[in-house]
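>>> Build me a model:
(chains A, B and C)
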Amino acid sequence: MNDESPLLTVDNLSVGFVTKGGIVQAATEISFEIRRGEVLAVVGESGSGKSVTALALMRLHPGNAITTGDVDFDGRDLLNMSDAEMRSVRGSDIAMIFQDPMTAMNPVFTVGSQIVETIRVHDSSVSKQDAWSKTVDLLQLVGVPEPKRRASQYPHEYSGGMRQRAMIAMAIANDPKLLIADEPTTALDVTVQAQVMEVLHEVQAQTGSAMMLITHDLGLVAGSADRVQVMYASRLMETGTINQIFYESQNPYTMALLESIPDVDGLKDRLEPIPGNPPSLLNPPSGCAFRPRCNYAQPICAVDKPVLVSVGVEHESRCLRAHELGADTEALV
Amino acid sequence: MADTQIPPVLDEDVVAPQPGGATTAEVEGLSDKPKSFGRLAWERFLGHRMALVGAAGLLLLIALFWIGPYFSEFSFDERNVRDRKLGPSTEHWFGTDEIGRDLFVRTAQGGRYSLQIGALAALIATGAGTLLGALAGYFGKTVDALVSQLINLTLIVPAIIVLSVFANKWGADALGLALVLAALLWTRIARVVRGVILQIKEQEYIMAARAAGATHKRILARHLLPNVVGAIAVEITLLIGSVIVLESTLSFLGLGVKPPNASLGTLVAQAKGDIDSDPIRVLTPGIFIVLIVLCVNFLGDGLRDALDPRAKVDDGGAGKAAKKAAKAARKDAKKMKSSGTVVVGA
Amino acid sequence: MFAYVTRRVLIAVPMLLVAMYLVHVGVSATVDPRSEFYVCLPRCQEGFDRITEQYNLDTNIFLRPFGYFSELARGNLGDSSSIGEPVWDTLKTRGWNTAMIAIPAFLIGAILSLLLSVYSARRQYSIGDYTFTGLSFIGFAMPSFVMALLLQHIFAVKLEQLFGIKPFNTGRKTGENFLQLARDVTLPAVSLAILGIAADSRFGRASMLETLNQDYIRTARAKGLKEGKVVWKHALRNALIPLVTLWALGFSALLGGSVVTESIFSWPGIGQVFLRALGDADLDLLMAIVMFGGVLTVTFNLIADVLYGVLDPRIRLG
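As a prediction, the model looks like this:
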């Protein structure tokens, strides 16, 4: 593999959950790439399919999930490899940081031993002592004070922010090529969020790994991502560079999302919430899924299903009126 | 003591009490309009196959015990010395006992007695337990401490001692026996009700409701009742099972129901001497005990799922459907073997 | 820890005394140890007086327990009138006999319920899960005497009738050597174990399912751990915590003796002698058995709580 080729290529990935009421399509025909060392943000409301996509990459979704598509990671076929092979990828080549640090660590083992386990499961030649001292170094790296003492403490003795730092330490223990951070700061206090994001970026920069940052918070994305991918009702709505998404968005949903976040500079007079609720995945609306809440909807939107169209270099949008939206959007309402 | 202790109620939900919320009902239906609690409970109950089986089985057993004897030409204590220890026949459906009494009629009578005592004791125990538990939870402090000590005391005295001492004296009539059994079985429901009330008192949504100006009556009706009523209904049902097992054990030891009355337990005790030559006579009342308790437990389980506002959305049906679909998907994948890949959840 | 244990014991002792007081009054009120003597009075005045003296029958029924307690305080458990030896000796031999079936029953029960819990939770909705669920429901609904009688009938009569073999003894403790003893112990122990397995395996399954759905299990898988390690280390260690409590309480009940099972298998344990003491109004022996049971309950409750604290680092005793 040369360095030009993407690290991860996802092609036509769909994930459905079988329920009593029928199959719930949680991710539909998702295709994207992550390049080496870059940060890709995946943004969307809860239930939009972003976490499901990430879990599907790791093959960690629940038993009633049905996954189709192709996932190529560094030349390896993730969806078709054996369970044993997949295990060797998890925690080593791809590591994951979960949303709620309060529940993501096993309460009955010390933080240190859980990190040691991560190291030794992928390299049993490392002695316990070496793994332990590496663990202490890792905790130091992510900014856990007194790492020697705290390594032998249990998760409940950590604060939420400290626990998430420990989770980051665990994730980078084996120098992964890809870090998947699933809403890493959502469960934390606002004051701690920024610190944890900073740690995340530092370690990402230091290890040179790529990162898939899943969040519902566009504000979080602004300072940290290279590219952004917006999801709605199980589908990709828009992908582009950070500038394209923030300043040249050609998708009504992205625009609505941007309207709804507070502006640090205080330039906005008021926030515009998105009216209505996300649609039921069991029973999606006809045509475009966002149509019922869309300011720009036209009769045709109830009939035709929009596809992703290219609206610029590396910029795609799923909207029947995507090309019009680039121009003077106010006039279109 | 091990085999005469109060049978624990089969309760899988005690593992992890989750914070309650009456609002889950609305979330479940997603885009559907919210349904009333009663309607949802009824639907969930109907969807619970085991509960329906339990309810139907219980009705059948009741019909058999109460109506069955009218179809037999024998009476409950009619002896026929020539027809002793007969096997089942068209005349004596379940055979006869060692003094020639018809065992079908006696089994029916025993079943009636067992069910009556079971229901009576369960009602008394639940009433007393609810009252004491509610008082303890509501007033806290001294009352709570007193009730807790009373619970501990009840648990420390071996059930069999209380039963044998008092049931020996009062076991002759059903009410006396039921009272003694209830005195041993009230603790669990008391703890459940106390716990629910303590928990609800602390809930944020109660404070929110109060802050929004809801009256005590409304808070009680909307938040407390659905939580406690469910627990009580479930408890009564499951207690009936416990009581029947306990009563039959006691009667088997000769300490419960006294002649001329018969319960399923005394019927087993009577026949046990002949078990090697005539196992049917032990088996029949034994099977009926198992059947009653099974039906009651199924029913209680169904009620719990139906009435528990925190019941999980996901259920066995979905799990099974998922397995099937996953299997089908795997098959399709094998067939196609083209670019599309199918992975079934880890 | 020491302070915690001391406090628990200090709370438990008065509770136990109250319970014993109540039992003493209750038994005194309902059974009369002199009943046999009334018919032969005045010829047997001597025996009548002896019993009156032994049980303080002259004093008020509510004061009588204090006579017993003052003897108890001096370390005197009294004499058993039904067996004719010091209560302490009876308690020792019978207690040991009960332990001989209680310990295997506990071990069988704990191991099997653990394995079944893990199996059923891992293979939820499989045929095996359904089978064990069904069996446990039946086992749960079956009174102990039916279970014991059935086992006895099958192994005493049916196996011999059909195959001419009799692998286990079906009554009383006969064995002198280990093999004989094992043949004696098996059926009563299994009969007791099945009762526990039915309830514990359901509880364990629920606990295991609950644990397997936790976030930290997903974390463990995301680390690349083998499924075996995820289940047997990360999940089991958590799911065990509530189970251990259940086991501790079940074990204390088993050690306290089992009235029905011991009677049916003619096993000379605490449960069997208890029935005899009750029938003969052997108050001293009854009180000793109640105290024994109470001490077991209190001790094992305490052990369960301490174990809880040991297994779950989040729990701090105090």
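
>>> just checking, what packs against the lengthiest helix in chain B?
Longest among the helix segments of chain B by residue count, using DSSP state H, is helix B:103-139. The helices and strands touching helix B:103-139, judged by 3 or more CB pairs under 8 Å, 6 or more residues apart in numbering or on different chains; DSSP states H and E, are helix B:49-67, helix B:141-156, helix B:174-202, helix B:225-252, helix B:264-271, helix B:279-307. Yep, even glycine has a C-beta here, placed from its N, CA and C like the rest.

>>> which of the residues in the third one are buried?
Within helix B:174-202, the residues scored as buried using 16 or more other CB atoms under 10 Å in any protein chain shown are B:174, B:177-194, B:196-197, B:200.

>>> what does the average pLDDT come to for the longest helix of chain B?
What helix B:103-139 shows for mean pLDDT is 86.

>>> If you count neighbours, what's buried in it?
Under the neighbour-count criterion of 16+ other CB under 10 Å, helix B:103-139 has B:103-115, B:117-122, B:124-126, B:128-130, B:132-137 buried.

>>> repeat for stretch B:255-266
B:255-258, B:261-266.

>>> Keep the residues you listed, but drop any that are not near chain C.
When the buried residues of stretch B:255-266 are checked against chain C using CB under 8 Å from any CB of the partner chain, the ones in range are B:Gly265.

>>> Could you export the buried residues of stretch B:255-266 to TSV, including columns for distance to B:Ile289 and pLDDT?
Rendered in TSV, the data for these read as follows (distance: CB to CB, whole Å; pLDDT from 0 to 100):
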residue	distance to B:Ile289	pLDDT
B:Leu255	17	78
B:Gly256	13	74
B:Val257	13	76
B:Lys258	19	75
B:Asn261	16	77
B:Ala262	13	82
B:Ser263	9	84
B:Leu264	5	86
B:Gly265	7	86
B:Thr266	12	85
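
>>> average pLDDT across the host helix or strand of B:Ala41?
Following DSSP states H and E, one finds B:Ala41 within helix B:37-46. Averaging pLDDT along helix B:37-46 yields 73.

>>> what's the distance between the residue in the stretch 151-300 of chain A that chain C sits nearest to and C:Leu179?
Of all residues in the stretch 151-300 of chain A, the one sitting closest to chain C is A:Tyr154 (4.3 Å; CB to the nearest CB). Distance, A:Tyr154 to C:Leu179, using CB to CB, to the nearest Å: 48 Å.

>>> do A:Leu141 as well
Relative to C:Leu179, and taking CB to CB, A:Leu141 is found at 63 Å.

>>> When the two are compared, which one has more neighbours?
Using other CB atoms under 10 Å in any protein chain shown as the criterion, A:Leu141 and C:Leu179 rank with A:Leu141 on top: 18 against 9.

>>> Could you list the residues in contact with the helix or strand bottoming out on mean pLDDT in chain C?
When the helices and strands of chain C are scored by mean pLDDT, DSSP states H and E, helix C:35-38 comes last with a mean of 74. Residues outside helix C:35-38 that contact it (CB atoms under 8 Å, 6 or more residues apart in numbering or on different chains): C:44, C:47-48, C:51, C:281.

>>> And the strands in chain C?
Counting by DSSP state E, chain C has strands at residues C:79-80, C:85-86.

>>> any idea which of these is most buried?
Stretch with highest mean neighbour count among the strands of chain C: strand C:79-80 (a mean of 20; mean count of other CB atoms under 10 Å in any protein chain shown).

>>> For that strand, enumerate the helices and strands it packs against.
With contacts taken as 3+ CB pairs under 8 Å, 6+ apart, strand C:79-80 sits against strand C:85-86, helix C:87-122, helix C:283-311.

>>> Now with 10 Å, please.
Judged by 3 or more CB pairs under 10 Å, 6 or more residues apart in numbering or on different chains; DSSP states H and E, strand C:79-80 is in contact with strand C:85-86, helix C:87-122, helix C:270-279, helix C:283-311.

>>> Any idea how far the third one is from the middle of the chain?
To tie it back to what came earlier, the one meant is helix C:270-279. Its chain's C-alpha centre and that of helix C:270-279 lie 15 Å apart, by CA atoms, centre = their mean, to the nearest Å.

>>> same deal with the longest one?
The chain centroid and the centroid of helix C:87-122 are separated by 8 Å under CA atoms, centre = their mean.

>>> Any buried residues in that helix, and which?
By 16+ other CB under 10 Å, the buried positions in helix C:87-122 come out as C:87, C:90-91, C:94-95, C:97-102, C:104-106, C:108-110, C:112-114, C:116-122.

>>> which of the residues in the least confident helix or strand of chain C are buried?
For helix C:35-38, burial by neighbour count (16+ other CB under 10 Å) applies to C:Phe37.

>>> Figure out how far that helix is from the centre of its chain.
How far helix C:35-38 lies from its chain's middle: 34 Å, per CA atoms, centre = their mean.

>>> Neighbours of the closest residue to C:Pro33 other than its chain neighbours, how many?
Distance criterion CB to CB, 6 or more residues apart in numbering or on different chains; nearest residue to C:Pro33, sequence neighbours excluded, is C:Ala281 at 4.0 Å. Residues contacting C:Ala281 under the criterion other CB under 10 Å number 21.

>>> Against chain A, how distant is C:Ala281?
51 Å (CB to the nearest CB, to the nearest Å).

>>> ditto for B:Ser242
B:Ser242 is 33 Å from chain A, by CB to the nearest CB.

>>> Please read off the pLDDT at that residue from the model.
pLDDT, B:Ser242: 85.

>>> Can you pull up the residues of the stretch 101-250 of chain C that come close to chain A?
When proximity is defined as CB under 10 Å from any CB of the partner chain, the stretch 101-250 of chain C approaches chain A at C:124-125, C:211, C:213-227, C:229, C:233-235, C:237-238, C:240-241.

>>> Please report phi then psi for the closest residue to C:Gly26 other than its chain neighbours.
With CB to CB, 6+ apart as the criterion, C:Gly26 has its nearest non-adjacent residue at 4.8 Å, and that residue is B:Val165. In terms of degrees, to the nearest 10, the main-chain angles of B:Val165 are phi -70, psi -50.

>>> Am I right that B:Val165 is in contact with B:Leu184?
No - B:Val165 lies out of contact with B:Leu184 (CB atoms under 10 Å); the separation is 11.9 Å.

>>> who touches both of the two?
Counting by CB atoms under 10 Å, 6 or more residues apart in numbering or on different chains, the contacts common to B:Val165 and B:Leu184 are B:Val157.

>>> Show me what counts as buried in stretch A:232-244.
A:232-242, A:244.

>>> oh sorry, the question was meant for stretch A:125-141
A:131-132, A:134-136, A:138-141.

>>> Then stretch A:196-213?
For stretch A:196-213, burial by neighbour count (16+ other CB under 10 Å) applies to A:196-197, A:199-200, A:203-204, A:207, A:209-213.

>>> among the residues you listed, which are in helices?
Going by DSSP H, the helices hold A:196-197, A:199-200, A:203-204, A:207 from the buried residues of stretch A:196-213.

>>> which one of those residues sits closest to A:Ala256?
A:Met197 (24.3 Å; CB to CB).

>>> Am I right that that closest one is in contact with A:Leu220?
Yes - with contact defined as CB under 10 Å, A:Met197 reaches A:Leu220; the gap is 6.6 Å.
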